[in-house]
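K.L.:
coords please:
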Amino acid sequence: MPKFLDRLLPKRFRKKGTVIPVVRLHGTIAAGGSRFKPALNLASVAPMLEKAFSRKDAPAVAISVNSPGGSPVQSRMIFERIRALAEEKGKTVLVYVEDVAASGGYMIALAGDEIVADPSSIVGSIGVVSGGFGFPELLKKIGVERRVYTAGENKVILDPFQPEKESDIEYLKSLQVEIHTIFIEMVKARRESRLADEPGVFSGLFWTGRRGLELGLVDRLGGMREDIKRRYGKDARLELISGAKDFFGRRLPGVSAFAAPDAEQIAAAAVGGLAEVLEEKALWGRYGL
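P.N.:
Here you go, the predicted model:
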């Protein structure tokens, strides 16, 4: 019977068992997104979170996290939205780690009142990383002269087509330290009473779920289905909350509409897409995935 019809029936005729809505937060975290390459960000996940937390009969919301990280801003925004909805709706948040919840993925996992991971999951990586490529000699080799005009001496800071400057690196590192401090404060606020006295916790290292349990980064080892039935009884059921889909049944990022791309946009997307794919593969590859 369709779920919406089931809810119209008197309670005595409905299926028994507690229903727990499930939101899957999988992928790299980035502000952008397209119909071809959806991104994990607040815009794309907000509708699913709102729907999950609006289930009045559900005592909790289960969130499946599988992310190597990405944008610290989007990670924190997703974290904040989950906590705001949990407090507003009076729901327990249960986070289940699949392959990896590292860096920004672990930042999102901190929204859970409890974090459950597989013994072989990867968790942690509480740090900040920036990366890119430098091409100062490439233009010379292909006979191209780059011309840049600015107002403001630091407008071309970290330009990949100019030689790297020590002052640029120092400034970037100062920003990283500030963001790292914010991340550490979040971990301490959510996990401090459970954290082990281990200096390396905030070093950017990552661990298996089993070691993460010893360090206090997770609360339990196991899987979602078994854990939900343990908490809410053998008749408890999981209900996957899915996002909006396009005409072809593909899930869309969190935007309302897309215009058809022209040839120039397609070409630009192809060039930019290659860099995005390489960056995404590097994020997953860092954890052996």
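K.L.:
drop to CA atoms for contacts and neighbour counts, all remaining ones
P.N.:
OK.
K.L.:
what lies in contact with stretch 175-192?
P.N.:
Stretch 175-192 is contacted by residues P72, M107, L110, A111, I126, G127, V128, V129, L195, F202, G216, L217 when judged by C-alpha atoms under 8 Å, 6 or more residues apart in numbering.
K.L.:
go through it and flag the buried ones.
P.N.:
For stretch 175-192, a neighbour-count test (16 or more other C-alpha atoms under 10 Å) marks Q176, I179, H180, T181, F183, M186, V187, R190, R191 as buried.
K.L.:
what's the answer for stretch 197-209, then?
P.N.:
Across stretch 197-209, burial judged by 16+ other C-alpha under 10 Å covers V201, F202, F206, W207, T208, G209.
K.L.:
please flag which of these sit within strands.
P.N.:
Among the buried residues of stretch 197-209, the ones falling in strands (DSSP state E) are F206, W207, T208.
K.L.:
possible to save these as TSV with pLDDT and distance to F79?
P.N.:
Formatted as TSV, those follow (pLDDT from 0 to 100; distance: C-alpha to C-alpha, whole Å):
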residue	pLDDT	distance to F79
F206	90	20
W207	93	21
T208	95	22
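K.L.:
ok, of the residues you listed, which one's closest to D99?
P.N.:
Taking C-alpha to C-alpha as the measure, D99 lies nearest T208 of those, at 9.7 Å.
K.L.:
for the residue nearest to that closest one when sequence neighbours are not counted, give me its contacts.
P.N.:
Setting aside the residues directly before and after it, T208 is nearest to I122 in space (C-alpha to C-alpha, 6 or more residues apart in numbering), at 4.6 Å. For I122, the contacting residues are D99, V100, A101, A102, F206, W207, T208, G209, Y287, by C-alpha under 8 Å, 6+ apart.
K.L.:
and those as JSON lines, adding distance to A84?
P.N.:
What follows is those, written out as JSON lines (distance: C-alpha to C-alpha, whole Å):
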{"residue": "D99", "distance to A84": "26"}
{"residue": "V100", "distance to A84": "24"}
{"residue": "A101", "distance to A84": "21"}
{"residue": "A102", "distance to A84": "22"}
{"residue": "F206", "distance to A84": "28"}
{"residue": "W207", "distance to A84": "29"}
{"residue": "T208", "distance to A84": "29"}
{"residue": "G209", "distance to A84": "27"}
{"residue": "Y287", "distance to A84": "30"}
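K.L.:
how about residues contacting the one helix or strand E226 maps to?
P.N.:
Using DSSP states H and E, E226 sits within helix 224-232. Applying C-alpha under 8 Å, 6+ apart, the set of residues contacting helix 224-232 from outside is T18, Y96, V116, D235, A236, R237, L238.
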